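1. Provided below for reference: sequence and predicted model.
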Amino acid sequence: MSKAVYAGTFDPITNGHLDIAIRASKLFDQIIVAVADDNYKQTLFTTEERCQMVTDVIGDIPNAMVDTFSGLLVDYCQRQGATSVIRGLRVVLDFEKELQMALMNRSLHDEIDTVFLMSEAKYLFISSSLVKNAAALDGRIEDLVPPAVAQALKRKYK
């Protein structure tokens, strides 16, 4: 059985993230959408809130599950029996950063590969940071995130 981990902060999960998860689910028998518990980013949502949003959003993907992880992603992959890490790419800047991470991960655990999926063109500009900025200023975000996430953002910024 092929298993992959799609990891991120998902603060919050966007339509771009969802697109990558759906497409990855067609390539692997199982995908784990792993929400980073410890990270270098200041998050708006707690780990529990982010997990709930991801669970709400990917609930229709039959071979996907949600989990949290801390520590090295490749160690988590190894514990889960996953052989691949899924990463979404939007722009060249993403590629440079993601390539560096993929090479580092490969040097730590050479049996775990990184699979890059290009974002759909309509999602190229979407990032969680931009979505949060727009939501904080009462901007229209309904086309950028799933409905449950839009509601969570509106509640958070009231």
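-> Cool, got the structure. Numbers count the residues shown, from 1 in each chain.

2. determine the number of other residues adjacent to residue 154.
-> 12 (other Cβ atoms under 10 Å). Yep, even glycine has a C-beta here, placed from its N, CA and C like the rest.

3. quick one: contacts for the residue nearest to it when sequence neighbours are not counted?
-> In space, and not counting its chain neighbours, residue 154 is closest to residue 135: 7.0 Å by Cβ to Cβ, 6 or more residues apart in numbering. The contact partners of residue 135, by Cβ atoms under 8 Å, 6 or more residues apart in numbering, come to 141, 150, 153-154, 156-157.

4. which of those residues lies closest to residue 37?
-> residue 156 (19.1 Å; Cβ to Cβ).

5. name the element the spatially closest residue to residue 34 that is not a sequence neighbour belongs to?
-> Once flanking residues are discounted, residue 34 sits nearest to residue 7: 4.2 Å by Cβ to Cβ, 6+ apart. Per DSSP states H and E: residue 7 is located in strand 3-8.

6. for the helix or strand following that strand, packing partners?
-> Going down the chain from strand 3-8, the next helix or strand is helix 15-25, by DSSP H and E. Identification of packing neighbours for helix 15-25 by 3 or more Cβ pairs under 8 Å, 6 or more residues apart in numbering; DSSP states H and E yields strand 3-8, strand 30-36, helix 47-58, strand 84-89, strand 113-118.

7. now do helix 15-25 against strand 113-118, angle only.
-> Relative orientation of helix 15-25 and strand 113-118, computed by axes from the mean of the first three to the mean of the last three Cα atoms, to 10 degrees: 130 degrees.

8. quick one: buried residues of helix 15-25?
-> Buried positions in helix 15-25, judged by neighbour count with 16 or more other Cβ atoms under 10 Å: 15-21, 23-25.

9. which residues sit in contact with residue 153?
-> By Cβ under 8 Å, 6+ apart, residue 153 lies in contact with 12, 131-132, 135, 141, 145.

10. can you tell me which of those residues is closest to residue 2?
-> residue 12 (28.0 Å).

11. tell me the pLDDT of the residue nearest to the closest one when sequence neighbours are not counted.
-> Excluding the flanking residues, the one nearest residue 12 by Cβ to Cβ, 6+ apart is residue 149, at 4.7 Å. Per-residue confidence (pLDDT) for residue 149: 97.
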